[in-house]
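K.L.:
Show me how the following folds:
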Amino acid sequence: MPLNRCVRGRALGFALGGFTLLAVSGCSLSPQPSRPPSPTNIVAPVRLVVAPQQVIALANSFEGQFSTRDYASQWSELAPQEKAVWPSAVARTAMLTRKFAKAAVEHVSLGDPVLESTWTPPEDPSIHIQDVWQFPVRVVFADPAALRPAGVAALFSMTTLQITSDPASGAAALLGEGPESIDAPIILPASIPTVKLDVPILMYHLVDQIPPRSIEPSTYGWQLEVGLTTLPSAFDAQMTFLAGIHANAISLQQLSDALLYGLPLPPHPFVITFDDGRLSQWTNAVPLLREDGFTAVFFPCTALIGGKVGPQTYMTASEIQNLASTGFSIEDHTVNDDTDFFSAGPGTLNLLTNRTKTFLMNLTGDPVQFVAYTGLWPWPTSVQGATQEASMFKTLASYGYLAGVQDLRVDSAADISTALWQLPRVRVGLGTSLSFFEHWFTSQPS
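P.N.:
Next up is the predicted model:
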């Protein structure tokens, strides 16, 4: 079970709020991701392998326990690094009990296992585990139509089990828990609990140098691009600060696990989001995220994938697939991010969201349950507009979405969310200082 993990390999000193941080390690920088080579006619030889009996037995036992809701017995079957994902065995059992309380599992079947040469956990892009057995999973619920949001029951059959085995002892252990993992699809409970969490959702666009004035035909367009820009050096400093205080990047799925099922979050939790699918995110942000083990949520626009609009180049389909399989999640940001759909009817929303969600799920093989609204939230604060946007929320839920993240007109430390459809985000751009990060994170419990 070889495990390769690289910690930050750059030194960066800076003053912040009266103290100085210095992040140093002896690991060399990981190479920046490059575009995949053009396909050739060369076909690599196929290695025919058979899964060890211990691996097959563990997979069957684990899913049998899932069907009978015997979550406590599963704890001893998890690999140490998978146990570390959870706060405790008790917290895991409590969370899964709440999640599947009204979602009885009728049957679980496993597909043929495939040996993956390298596997990366969904929430830690710095970890790479070699020779992992992957099992497709098919979950049949007793009453799938009763589960919400619409279509969520089918999403569980997009999950997979990952199992590793020790060649010397033959012992097998679970690495990826499929339908029971922290990143599994979210089921809405019958009633939404009242939970207070302090989790900044950071919003990035460009991670690049300041764009030249000549790139846009209008001053407004150029100023908009400048406002959405985070310098690579600034992004480096921000991630260094977060790594230095041992902050924990989580996915929107894990945040939902906490909000809906009471799963305790790790110290200094935060969510990183990137809008539009800009190539600069892949080139300048992803390598640093991989060094620090910070997961992130990418919201690409489906019509911009692999394209170039004016001076801006966007990630290719292959690059988005790479992100989805190496510790990051992909969610929906509509077609072009050029049409506000607040209060839009089902016909418009179907074109701008439902079809794009389906496209992204087919591209990545992963569920999509979150949407980033296009344009600024039309109300001063995140909690306003619930009545006016109620029809939009209802339609999005009928398409299978669970929640929406906003781009607010004014960032506010006091802004809160009262609904999953109104998750506020903190815009990060050219004017964002490190003291701003100190404000958001040092006040949280460590």
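K.L.:
Show me where the stretch 151-300 of the chain has its strands.
P.N.:
Using DSSP state E, counting those that start in this stretch, the strands found in the stretch 151-300 of the chain span residues 160-165, 172-177, 201-204, 206-207, 229-230, 248-249, 269-276, 297-300.
K.L.:
Test my guess that residue 104 contacts residue 140.
P.N.:
No - between residue 104 and residue 140 there is no contact under Cβ atoms under 8 Å: 10.2 Å. Just so you know, the C-beta spots here come from the backbone N, C-alpha and C atoms, and that holds for glycine as well.
K.L.:
Now do the buried residues in stretch 68-76.
P.N.:
Of the residues in stretch 68-76, those buried under the neighbour-count criterion (16 or more other Cβ atoms under 10 Å) are 71, 74-75.
K.L.:
how long is it end to end?
P.N.:
End-to-end distance of stretch 68-76: 17 Å, with Cα to Cα, to the nearest Å as the criterion.
K.L.:
Any chance you could list what contacts it?
P.N.:
Contacts with stretch 68-76, where a contact means Cβ atoms under 8 Å, 6 or more residues apart in numbering, come from 62, 65-66, 83, 89, 92-93, 96-97, 100, 105, 174, 177, 180.
K.L.:
what distance separates stretch 89-100 from the middle of the whole chain?
P.N.:
21 Å (Cα atoms, centre = their mean, to the nearest Å).
K.L.:
what about it, average pLDDT?
P.N.:
Stretch 89-100 carries an average pLDDT of 97.
K.L.:
what does that stretch contact?
P.N.:
Outside stretch 89-100, the residues touching it (Cβ under 8 Å, 6+ apart) are 69, 71-72, 75, 83, 86, 180, 187, 189, 257, 260-264.
K.L.:
List just the nearest of the residues you listed to residue 111.
P.N.:
residue 180 (17.1 Å; Cβ to Cβ).
K.L.:
The closest one and residue 65 touch, don't they?
P.N.:
No - counting by Cβ under 8 Å, residue 180 stays clear of residue 65, with 9.3 Å between them.
K.L.:
which SS state does residue 128 fall under?
P.N.:
Here residue 128 is recorded as strand under DSSP: H, G, I helix; E, B strand; the rest coil.
K.L.:
about what we covered before: comparing the strands of the stretch 151-300 of the chain, which comes out most buried?
P.N.:
Sort those by mean neighbour count, taking mean count of other Cβ atoms under 10 Å, and strand 297-300 sits at the top with a mean of 27.
K.L.:
Need the max-distance pair from the contacts of stretch 68-76.
P.N.:
Pairwise over these, using Cβ to Cβ, the maximum falls at 83 and 105, 22.8 Å.
K.L.:
Just the C-alphas of stretch 248-261, formatted as CSV.
P.N.:
Below are the C-alpha coordinates for stretch 248-261, written out as CSV (Å, rounded to 0.1, in the frame of the first residue of the first chain):
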residue,chain,number,x,y,z
ASN,A,248,-9.0,22.1,6.5
ALA,A,249,-10.5,22.5,3.0
ILE,A,250,-13.7,20.6,2.7
SER,A,251,-16.1,19.9,-0.1
LEU,A,252,-19.7,21.2,-0.4
GLN,A,253,-20.8,17.6,0.3
GLN,A,254,-18.9,17.5,3.6
LEU,A,255,-20.4,20.9,4.5
SER,A,256,-23.9,19.5,3.8
ASP,A,257,-23.1,16.4,5.9
ALA,A,258,-22.5,18.8,8.8
LEU,A,259,-25.6,21.0,8.1
LEU,A,260,-28.0,18.2,7.5
TYR,A,261,-26.7,15.3,9.5
